[in-house]
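Colleague: I would like the atomic coordinates for the input below:
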Amino acid sequence: MPLPPIVYYLICNKSGKKVVSLSSMNTIKKNLEIRIYPAIAEKNDKGEKLANISKIESNIGIYRFIYNKELEFINYFRNLLLQYGYEDHVIVNDTSCSIILNMLRQEYPFLEKAESSSRQQSQRNLILAFKRYDDSSLKSNYPVLKTKKNQKDTFRIMNNNDNLRIQKDKYGYDKIKLPKLGLVKFKTSKEYRELLRKGSNPDDPTVEIKHITIKKVNNEYYAVFNITELYIPQEIIGPRQQIGIDIGCSKLASLSNGQEIPNLDLTTEANKIIQYQQKMSHTQPGSIRHNEAQRLYNLWMKKLVNKRNDYYNKVTAYIVKNSSFIAVQNENIIAWKHNKYLSRKLQLNAPRIFMDKLEYKCLWNDVEFIKVPRNFPSTQICSECGERNDNMSGLRNLGIRDWECPHCKTHHNRDINAAKNILNKGLEIVGTTVQ
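Modeller: Residues are numbered from 1 along each chain as shown. I've put the predicted structure just below:
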């Protein structure tokens, strides 16, 4: 029986020789964010249709308009139920929202300017907002109307029948083909460009483009591609370790093998952000000085985020590539921010982002990742004898960085001892022991 095309493509090269094992592949999801440059004109000199700024702004506005109109209709219907003595319970699903959307399309003809999947995605977001509100475990607020000032300017287009792809224009340059909008220029790295080319090739099954989100941030336009990729974990020569990680404030993390990862120095970026925040507060909104201060504030904020993401990507990649098992305590970071002595460092260093990057990279590379419950007293237990030291509990004892076990007299570093206990607890959860 002949192999399916996908299997044959993955395990054989052009010469028919076996190059990779299917069992070693993972299907992973990625978001590729790239900068786009919408045109001003509607067509280029060759007569090709371009996705210009007015079309993108129009789609952003339509996306917000449909969300608000459907929410207004639902609120009006709920008020009618209460007015006539019925229960305030409205089921928001695809069927009801689709009826409202068809009514809106008949009343407002300009909605036809938007791409069809973009209109549908707007109501899907509204349905998701109501589902989160109805779920008592999430504690989400009731959906509110989107405004131009306080909301993100985005819209999403789904990839149907390969209508969303990278293609060359008549001048021979790569452009993004947006359905119903046209071609748009973009800039990105060689790695991302190669992935997008593979996703645009229907004969290449290793990468698939799911959808694209167009967003406007600080008067700059970006496209976020959601793709699925067949990923081959990198092979590591040498033994892998079982690692427990303790997340901290003074240090980014402490590992059970004795290594400590310091926080990134973001002092320059933080001071510049504060400086331009103060300038913005002392100038009239809309003035030249205010706009210049806001531009520089956005610039330094972007530098801070990019610098931090680059550092976290490198650190987490190193940890995951040299580990076979990772255990991290699921800390309540939000509660830490209520402490005025810790909140500034937490906002700068964002340890939750570090944990999220660690988790998805473990998923990519087949490394087992365990979250230890947050109520586990990792800093109070001796990693040698297992006895608990109640003198280490409470916020008043955060300054104690070294202590001696009163039972076995072992001297401990607070963070490394906690990392060892997190590793032991993680291994206990999965039902194994330290190798």
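Colleague: in a strand, residue 369, correct?
Modeller: Yes: assessed by DSSP: H, G, I helix; E, B strand; the rest coil, residue 369 belongs to a strand.
Colleague: which residue packs closest to it, ignoring adjacent ones?
Modeller: Leaving aside its chain neighbours, residue 369 sits nearest to residue 362 (3.8 Å; criterion: C-beta to C-beta, 6 or more residues apart in numbering). Using the backbone N, CA and C atoms, a C-beta is placed for each residue, glycine as well.
Colleague: wait, doesn't that neighbour sit right on residue 321?
Modeller: No: the pair residue 362 / residue 321 is not scored as a contact, 10.6 Å apart, by C-beta atoms under 8 Å.
Colleague: quick one: which of the two has more around it?
Modeller: Using other C-beta atoms under 10 Å as the criterion, residue 362 and residue 321 rank with residue 362 on top: 20 against 15.
Colleague: by contact count, what packs against the helix or strand harbouring that one?
Modeller: Here residue 362 sits within helix 351-364, counting by DSSP states H and E. With contacts taken as 3 or more C-beta pairs under 8 Å, 6 or more residues apart in numbering; DSSP states H and E, helix 351-364 sits against strand 26-37, strand 241-247, strand 251-255, helix 288-321, strand 323-329, strand 368-372.
Colleague: distance to residue 282 added to those, as TSV?
Modeller: Converted to TSV, the helices and strands packed on helix 351-364 look like this (distance: least, C-beta to C-beta, whole Å):
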stretch	distance to residue 282
strand 26-37	32
strand 241-247	38
strand 251-255	35
helix 288-321	9
strand 323-329	43
strand 368-372	45
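Colleague: would you mind giving these as CSV with mean pLDDT and distance to residue 341 added?
Modeller: CSV is the format used below for those (pLDDT from 0 to 100; distance: least, C-beta to C-beta, whole Å):
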stretch, mean pLDDT, distance to residue 341
strand 26-37, 90, 34
strand 241-247, 88, 17
strand 251-255, 88, 16
helix 288-321, 92, 21
strand 323-329, 89, 20
strand 368-372, 90, 25
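Colleague: so which of the ones you listed is nearest residue 233?
Modeller: Residue 233 lies closest to strand 26-37 among the helices and strands packed on helix 351-364, at 6.8 Å (C-beta to C-beta).
Colleague: show me what the closest one is packed against.
Modeller: So strand 26-37, by 3+ C-beta pairs under 8 Å, 6+ apart, packs with strand 182-187, helix 190-200, strand 220-231, helix 351-364.
Colleague: now that strand: buried residues?
Modeller: Neighbour-count burial for strand 26-37, with 16 or more other C-beta atoms under 10 Å as criterion, is recorded at 28, 32, 34, 36.
Colleague: what's the closest of the residues you listed to residue 208?
Modeller: Distances from residue 208 to those, taken by C-beta to C-beta, are shortest for residue 28, at 11.5 Å.
Colleague: now the closest one: how far from residue 296?
Modeller: Using C-beta to C-beta, to the nearest Å, residue 28 is found at 37 Å from residue 296.
Colleague: likewise for residue 117?
Modeller: Distance, residue 117 to residue 296, using C-beta to C-beta: 38 Å.
Colleague: more neighbours: those two, which one.
Modeller: Set residue 117 next to residue 296 and count neighbours by other C-beta under 10 Å: residue 117 wins out with 20 against 16.
Colleague: now do the SS call for that one.
Modeller: The three-state assignment at residue 117 reads helix, by three-state DSSP.
Colleague: now it. Nearest residue, chain neighbours left out?
Modeller: Nearest one to residue 117, counting by C-beta to C-beta, 6+ apart, is residue 158 at 3.9 Å.
Colleague: report the beta-bridge partners for that neighbour.
Modeller: Residues in a beta bridge with residue 158, per DSSP bridges, are residue 211.
Colleague: any idea how many residues pack against it?
Modeller: Using other C-beta under 10 Å, residue 158 is surrounded by 18 other residues.
Colleague: and the strand or helix carrying residue 95, what does it pack onto?
Modeller: Secondary structure assignment for residue 95, by DSSP H and E: helix 94-107. The contact analysis (3+ C-beta pairs under 8 Å, 6+ apart) places helix 94-107 against helix 53-83, helix 116-134.
Colleague: hmm, who's touching it?
Modeller: With contact meaning C-beta atoms under 8 Å, 6 or more residues apart in numbering, helix 94-107 is reached by 66, 69, 70, 73, 111, 112, 119, 120, 123, 124, 126, 127.
Colleague: related to what we said a few turns ago, look up how far residue 298 lies from the residue nearest to residue 117.
Modeller: Going from residue 158 to residue 298 by C-beta to C-beta gives 30 Å.
Colleague: now for the chain, the helix or strand with the poorest mean pLDDT.
Modeller: With mean pLDDT, DSSP states H and E as the measure, the helix or strand of the chain carrying the lowest mean pLDDT is helix 5-11 (a mean of 43).
Colleague: can I get the buried part of the contacts of helix 94-107 as one PyMOL selection?
Modeller: Buried members of those, defined by 16+ other C-beta under 10 Å, are picked up in PyMOL with:
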select buried, resi 66+69+70+73+111+119+120+123+126+127
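Colleague: now, the most widely separated pair of the contacts of helix 94-107?
Modeller: Farthest pair in the contacts of helix 94-107, by C-beta to C-beta: 112 and 127, 22.2 Å.
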